[in-house]
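[1] Fold the following for me, if possible:
(one chain, ligands or ions: 1)
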Amino acid sequence: MRIYVVNSYDEMSKQAANIVASQVTLKPNSVLGLATGGTPVGMYKQLVEMYQKGDVDFKQVTTFNLDEYYPLSRENANSYYHYMYTNLFKHINVPGDHINIPNGMAKDVIVECQTYEKNIESAGGIDLQVLGIGPNGHIGFNEPDVKFEAGTHLVKLDEHTIEANARFFDSKEEVPTEAISMGIRTIMRAKKIILLANGESKAKVIKEMVSGDISPKVPASILQLHGDVTVIVDQEAAKELKNCSQFALCM
Ligand code: GLP
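    This is a model prediction of the structure:
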């Protein structure tokens, strides 16, 4: 794991956008795994600016989003479909038929999950996966006590996640209690991963992810076993990484 501790949210966003843009420059037909949540909003903003300046071209890129609430329609302002179009897709030139987001209204969820997984495989697998992290250590919507071997599946959201995400909805009761999420197995197959975190509320979980036991209790801890993970955290999220030098690649 490479860990970059940066000074601000802005710096974290720029660094992450540079990594994504470099990936696309080096491999124009890259398959990107994309995340939602508050954390990557700044990174998407940077990518849109880079695209507008002509510094990066997404015309051959394919994307797969990590997750979507279930049931929730695309038109709902809290759907990850809506988030992705608002923050990124409507501003860049990734072709519409290269964009993949789990269907939050799928009639047959099992078929939807299997098809999603197959489509990732047919696209050649994910080259670069962007991740945020929930305060309880979830990645995508893989909640504590997750089965590490799972592919894309229907998950029941943890009470803490419902509470944490209620800020985007009018009330806690409106947050769907389930979601379709790529599984840990899907995420671990990505060739490269970048994980972003900012703010003090992530400090404890970042420490557990980086140096705690590898356990389904902290789903992100499995990333210790991946060969190419870059973690970009601001000073606050890095607060509990006291002795940074314990990590060979801490910058
Ligand atoms: C959501 C998403 C995750 C995201 C996490 C953290 O539950 N499913 O992909 O990483 O929340 O969100 P935030 O970045 O808003 O802290």
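
[2] And the strands in the chain?
    Counting by DSSP state E, the segments of the chain that form strands are 2-6, 31-34, 62-65, 67-70, 99-100, 128-131, 153-156, 178-181, 192-197, 229-234.

[3] For Gly42, which of those is the nearest?
    Nearest to Gly42 among those is strand 192-197 (8.9 Å), distances taken as CB to CB. Backbone N, C-alpha and C define where each C-beta goes, glycine included.

[4] that older thread, let me have the strands of the chain in a markdown table, extended by mean pLDDT, mean neighbour count and distance to the ligand.
    What follows is the strands of the chain, written out as a markdown table (pLDDT from 0 to 100; neighbours: other CB atoms under 10 Å; distance: least, CB to the nearest ligand atom, whole Å):
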| stretch | mean pLDDT | mean neighbour count | distance to the ligand |
| --- | --- | --- | --- |
| strand 2-6 | 95 | 19 | 16 |
| strand 31-34 | 99 | 24 | 9 |
| strand 62-65 | 98 | 23 | 9 |
| strand 67-70 | 98 | 24 | 5 |
| strand 99-100 | 98 | 18 | 15 |
| strand 128-131 | 99 | 25 | 6 |
| strand 153-156 | 97 | 18 | 10 |
| strand 178-181 | 98 | 26 | 7 |
| strand 192-197 | 98 | 24 | 8 |
| strand 229-234 | 97 | 24 | 12 |
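
[5] would you turn these into a markdown table with distance to Lys242?
    Shown next, in a markdown table, are the strands of the chain (distance: least, CB to CB, whole Å):
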| stretch | distance to Lys242 |
| --- | --- |
| strand 2-6 | 12 |
| strand 31-34 | 31 |
| strand 62-65 | 35 |
| strand 67-70 | 32 |
| strand 99-100 | 40 |
| strand 128-131 | 24 |
| strand 153-156 | 33 |
| strand 178-181 | 32 |
| strand 192-197 | 17 |
| strand 229-234 | 14 |
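
[6] of these, which approaches Val146 most closely?
    Closest among those, using CB to CB: strand 153-156, at 7.9 Å.

[7] Quick one: list the elements packing against that closest one.
    On a contact count with 3 or more CB pairs under 8 Å, 6 or more residues apart in numbering; DSSP states H and E, strand 153-156 meets helix 109-122, strand 178-181.

[8] deepest of these, which one?
    Mean neighbour count (mean count of other CB atoms under 10 Å) peaks for strand 178-181 among the helices and strands packed on strand 153-156, with a mean of 26.

[9] Partner strands of that one and their direction?
    strand 67-70 (antiparallel), strand 153-156 (antiparallel) (DSSP bridges).

[10] coming back round to it: closest one to Lys191 among the helices and strands packed on strand 153-156?
    helix 109-122 (12.2 Å).
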